[in-house]
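Trainee: prediction below, plus the sequence it came from.
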Amino acid sequence: MLASLKTLVSAIVDYAGLFPPAKLDLRSSMQRYAQSAATPDRWMLSRFVLPAAHLEELYAIVPELPLSQWSLSLVVKNLEEVEQAFALQTDRLTLKNAPPSVKIAALEFTPRSPSEISALINQLPPDLDAFFEIPLDSSFTDSIAVLQGTAASVKVRTGGLTEAAFPISKQLAEWICACAQANVPFKATAGLHHPFPGTYRLTYEPDSPTARMHGFMNVAVAAAFAYSQAIDQEEIIQLLEINSFSDALSDALQFENDTLIWNNDREKRQLDLSEIQKSRQRFFRSFGSCSFQEPVDDLKKLNLIIP
């Protein structure tokens, strides 16, 4: 597999099987995660997304599954939930027959105002990724500004169960541009099951409505160029709208072993492996998806991953 592509999408999927549209029960969701972690495609898998209220239940199920290391991204509402979660983790570590390793690696805060975010930042545990979900409304730049210069990151919702939940390309481009200018890392959640934009079903029901969705490859590529080369908003929109089904993908984006090339309307631009890696480590961190298999299968259908 080409190193440029593998670097771009390594550990990119935070598995969120508990959330819509899959909305699995906890045991089924954990089983899917453990199964995915045992496949050859596990290099694309990152953390298990878990509401803090389910942490004790997760500890009870963990010993039954064949996965020895659990990396959690914990969805929390407030600092009290954070303190309770770490107290529970400490209690479990002191047990004589402790379960397999469970690590709270990240926190995902539900939407908070800029003043609430500011108050929370200095109270968070050290050496921990913290993502603050910020609605894509007219004031999102205020919240991003609060996080500038801190170790915290932001989270953007890129879809949902209704067509209205999906931001248009201009809105998402504004978000990426604002994060890049402020040097604030971000993750995305919802609506990024597929590599490239298209009209897809909103749920797994046979009569599901459809909507135009963004592609996770587009977001990753746009973020990489925005972080490394400070491209403008119009260029970000161009990248977000590259469609592998209607455009000649090889004409727009070229993956070579150690280089990603973008042939845009103005000029040829390219990123080397170190630039792609830095953008993933320091800028676009991951996206949450209730399916791990869909993103993997779609990449295989496009021959971007060889089955």
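Mentor: Here it is on my side, so go on.
Trainee: can you confirm Arg47 is in a strand?
Mentor: Yes - counting by DSSP: H, G, I helix; E, B strand; the rest coil, Arg47 is found in a strand.
Trainee: now the end-to-end length of stretch 205-223.
Mentor: Across stretch 205-223, the terminal residues are separated by 32 Å (Cα to Cα, to the nearest Å).
Trainee: so which bits of it are buried?
Mentor: For stretch 205-223, the neighbour count (16 or more other Cβ atoms under 10 Å) marks 211, 213-223 as buried. Where C-beta positions appear, they are placed from N, C-alpha and C, glycine not excepted.
Trainee: return the helix or strand in this protein with minimum mean pLDDT.
Mentor: The helix or strand of the chain with the lowest confidence, counting by mean pLDDT, DSSP states H and E, is helix 249-252 at a mean of 70.
Trainee: on that earlier part again, nearest to Gly149 among the buried residues of stretch 205-223?
Mentor: Checking the buried residues of stretch 205-223 against Gly149 with Cβ to Cβ, the nearest one is Ala223 at 19.7 Å.
Trainee: which helix or strand contains that closest one?
Mentor: If you go by DSSP states H and E, Ala223 is part of helix 216-229.
Trainee: now render the buried residues of stretch 205-223 as CSV, adding distance to His54 and pLDDT.
Mentor: CSV is the format used below for the buried residues of stretch 205-223 (distance: Cβ to Cβ, whole Å; pLDDT from 0 to 100):
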residue, distance to His54, pLDDT
Ala211, 29, 95
Met213, 27, 96
His214, 28, 96
Gly215, 30, 96
Phe216, 25, 97
Met217, 31, 96
Asn218, 32, 96
Val219, 28, 98
Ala220, 29, 97
Val221, 34, 96
Ala222, 33, 97
Ala223, 30, 97
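Trainee: where do the helices sit along the chain?
Mentor: Secondary structure of the chain (DSSP state H): helices at 3-9, 26-36, 55-61, 79-93, 114-121, 140-147, 169-182, 216-229, 233-240, 249-252, 273-282, 293-301.
Trainee: can you say which of these is nearest to Gly198?
Mentor: It is, among the helices of the chain and with distance given as Cβ to Cβ, helix 293-301, at 9.8 Å.
Trainee: neighbouring contacts of that closest one?
Mentor: Here helix 293-301 makes contact (Cβ atoms under 8 Å, 6 or more residues apart in numbering) with 9, 13, 36, 41, 44, 192-195, 216, 289, 305-307.
Trainee: can you put those residues in JSON lines and add distance to Gln238?
Mentor: Below are the contacts of helix 293-301 laid out as JSON lines (distance: Cβ to Cβ, whole Å):
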{"residue": "Val9", "distance to Gln238": "20"}
{"residue": "Val13", "distance to Gln238": "25"}
{"residue": "Ser36", "distance to Gln238": "33"}
{"residue": "Asp41", "distance to Gln238": "29"}
{"residue": "Met44", "distance to Gln238": "26"}
{"residue": "Leu192", "distance to Gln238": "18"}
{"residue": "His193", "distance to Gln238": "22"}
{"residue": "His194", "distance to Gln238": "19"}
{"residue": "Pro195", "distance to Gln238": "17"}
{"residue": "Phe216", "distance to Gln238": "17"}
{"residue": "Ser289", "distance to Gln238": "24"}
{"residue": "Ile305", "distance to Gln238": "25"}
{"residue": "Ile306", "distance to Gln238": "28"}
{"residue": "Pro307", "distance to Gln238": "31"}
